[in-house]
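Novice: this one's sequence-less:
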């Protein structure tokens, strides 16, 4: 049995920022294009979300052959809302652990909660949904606290009631990879229900736990773009897909070549940065240690996974600091690596880097190479080795122009990392990278928004 | 056997930014204060690092009862450099896999490489180091490629030569938690060498892999503050400690109460943000989903690990958006949660949040509550529920003042998230949070640096 991914970016992501309908439709298209076959959407729940939010998304999913799963509570109101649309399925949840029943659910009994979930499942089946997922919220707590009979009973009961899938989430982020393996293996042995895995990231283990759950036989795995989700998120689409594919040979059907662009787009529309710790970040492909650079300049797979280089990363980039390699400088300048000048230029760069607290800007590098070797390295060559410089653009806009429209354009630019609409002396803060070749971000910004800009300040950080 | 943590923040962190000696000394003190007993430092390697960098750090470690481990290559030059100091130990490395020998080590043979490492170990022992770690760089590749005899031979040979610990790093970040477990278990069975675990984060699995390695019996585990390290880092100190302690009951001797402040300090001096995905981030304790809020406002352990709340997080904070809970509003305003006004105020806030694309600022919230309920909520009360607003401060400094000195003060402030020295129309960009109670960041900045500020712009993002 192959595990199916369910992408929950639209549901979990909406907790962070209300996305415009056009953005949500674009996300569905990009998810489908990346090979996702199942997408989760919050059911309409006025005034929070309305029919105008839900219906076009379900239609878009259907037109793209993606299963739309409407997510709601195990109550009649949400089921009736879901039934209005031609969605493939529903996800219905209730918590059955004591802490949730006591403090959230007004002290209902376990049996009462379970019956609500079973009833909702039966009703959903009667409504004709072909996918009916019952979520036993906070399920991992039963396991950790050794309350095995109510856990097994809940999973078996909702399965018997007609659930096509039973989700056993780690709602409060309580599990480690080892505990996850034991948890899913236990349920696999004690029940015959198809299981869905949903892991929160409170200890930073969400993606690793999801990988373990798939290896232990979970039938559905929940992920989001960048791992967005309540608190510090749930499992990350890329991490789950890449680890299972590259290390365990399990293909979840995702087209890796689409993920960089999908992540970059979502990061900006959600106003959430791709963390430097993330495998697809600029940092992840930046090599700083000299001993690593000396090899990576010719053979990057000595220091980065070869399959990751093939699928996700065009090429590593380098940062020249105190510990840089003379082989990198040789490559950059075209000198043979045995040429003593490469070594002395590297030492001059190291001294300069010490002065500058570690990070040399592109212009620092050019200046040292010119002074030390008399060599002018052109930007085309530099751009093969280095990322662009970090730049802040502060724009005061003419009141006739809508910052929101400019924002929409900016988030589609690959060299923009972050856009903030702000109040005060300026209207927009744009953070991005100045590429070395072609029109850079600042030039393009000035060019395209010339009419709208009343005042512009550019700050370059190195 | 209890696993010992080795903190490598000073070595790996220095790849990102050259830290001043006073900063490095403060880091050693903070690490010792947090209970770390072993710290790794790059050996002097002029002009990259010099005696002036290394000696005071070793002395500081010795005075605090922390073992200083000097890290260098398995060559005479680095050993002789290490021997100049009264350090507890050395870590010596060479790679033995074919890809590294061919492309980095000028085509030396496996045997030749292994002998270099054995010789270095013997010499280090003769020099009197009581801790001598031999690092078989890129060791995980042998395992993944099924080259088991050279792996086992290397570990056993360096152990026999006198290594007190053999490090088998996942240099190129190739392993998953499952493969890690198999890898360490295999070595445990085939060798009697004490093993050190060092995992890179190329697939986002470094911390999870390190947890698995400790559970499988590794004797030393390498971590850094925030997981800093080449590319997107190595295992994260907090994640490894908290998962092993809270979930597996293994106490690595770290005082959790020191970690928030240590992380905040290091983040600023290294110029690296704590990612929102991190378990100690502001995001990790921000609850956005209404169903989560409705419980967390009274019983946060329903949605966050109880041990994490006890050790690391004073209290959760909330964000009011489209999906917020009326129970949160009831708590905030002091209304009974059954009062219908709490519900209608929540719906008014949801409508406002839709308009504002999801995030309401504190002033938005105050305004809606005032208009809707006629209730003025004071800042003391608000500050129990919400974090401060994000603020950018742009400062133009009088040329008589050194931005570096101001920088040093700013990084010690808890409400500052990032400081960038920039070039252009201003000199410093400060990003931080405006707390609701007491003197806020902007007021303090203006107050303390009044003489230095030529011009100041304040931008509030919501």
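Specialist: Structure received. As the structure is a prediction and not an experimental result, all values here were calculated from the model.
Novice: okay, CA-based contacts and neighbour counts for the rest of this
Specialist: Fine.
Novice: could you look up the SS state of residue A:253?
Specialist: Here residue A:253 takes the coil state, with states given by DSSP: H, G, I helix; E, B strand; the rest coil.
Novice: how much space separates it from residue A:243?
Specialist: Counting by CA to CA, to the nearest Å, the separation of residue A:253 from residue A:243 is 13 Å.
Novice: these two - which one has more neighbours?
Specialist: Under the neighbour definition other CA atoms under 10 Å in any protein chain shown, residue A:253 and residue A:243 were set side by side, and residue A:243 has more, 25 against 15.
Novice: let me see the contact set for that one.
Specialist: Taking CA atoms under 8 Å, 6 or more residues apart in numbering or on different chains as the criterion, residue A:243 is in contact with A:211, B:176, B:203.
Novice: which of those residues sits closest to residue A:294?
Specialist: residue B:203 (22.2 Å; CA to CA).
Novice: now the closest one, nearest residue through space, not along the chain?
Specialist: Excluding the flanking residues, the one nearest residue B:203 by CA to CA, 6 or more residues apart in numbering or on different chains is residue A:279, at 5.4 Å.
Novice: for that neighbour, give me its contacts.
Specialist: For residue A:279, counting by CA under 8 Å, 6+ apart, the contacting residues are A:239, B:201-204, B:232.
Novice: pull out the buried positions in whichever strand or helix holds residue A:445.
Specialist: When secondary structure is defined by DSSP states H and E, residue A:445 falls within helix A:441-448. Counting neighbours by 16 or more other CA atoms under 10 Å in any protein chain shown, one finds that the buried residues in helix A:441-448 are A:441-442, A:445.
Novice: export those residues as a markdown table, with columns for distance to residue A:390 and pLDDT.
Specialist: Supplementary listing: the buried residues of helix A:441-448 in a markdown table, determined by distance: CA to CA, whole Å; pLDDT from 0 to 100:
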| residue | distance to residue A:390 | pLDDT |
| --- | --- | --- |
| A:441 | 10 | 93 |
| A:442 | 11 | 93 |
| A:445 | 15 | 94 |
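Novice: which of those lies closest to chain B?
Specialist: When the buried residues of helix A:441-448 are ranked by distance to chain B (CA to the nearest CA), residue A:442 comes first, at 13.2 Å.
Novice: verify the stated contact: that closest one with residue A:434.
Specialist: Yes - applying CA atoms under 8 Å as the test, residue A:442 and residue A:434 come out as touching, 7.3 Å apart.
Novice: hang on, the earlier thing: the residue nearest to residue B:203: what secondary structure?
Specialist: coil.
Novice: quick one: which of the contacts of residue A:243 sit in strands?
Specialist: Of these, none are assigned to strands by DSSP state E.
Novice: CSV for those, including pLDDT?
Specialist: Converted to CSV, the contacts of residue A:243 look like this (pLDDT from 0 to 100):
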residue, pLDDT
A:211, 98
B:176, 98
B:203, 98
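Novice: circling back to that earlier point, what strands line up against the helix or strand that the helix holding residue A:445 is followed by, and which way round?
Specialist: Following the chain from helix A:441-448 toward its C-terminal end, the next helix or strand by DSSP H and E is strand A:453-461. Applying DSSP bridges, strand A:453-461 is found paired with strand A:389-397 (antiparallel), strand B:416-424 (antiparallel).
Novice: outside of the first one, which residues touch it?
Specialist: Under the criterion CA under 8 Å, 6+ apart, residues A:361-362, A:403, A:425-435, A:442, A:452-462 lie in contact with strand A:389-397.
Novice: next one: stretch A:320-335
Specialist: Outside stretch A:320-335, the residues that reach it (CA under 8 Å, 6+ apart) are A:288-291, A:293-294, A:297, A:336-337, A:339, A:342-343, A:345-346, A:349-351, A:353-354, A:358-360, A:365, A:375, A:377, A:381-382, A:385, B:15-16, B:18, B:48.
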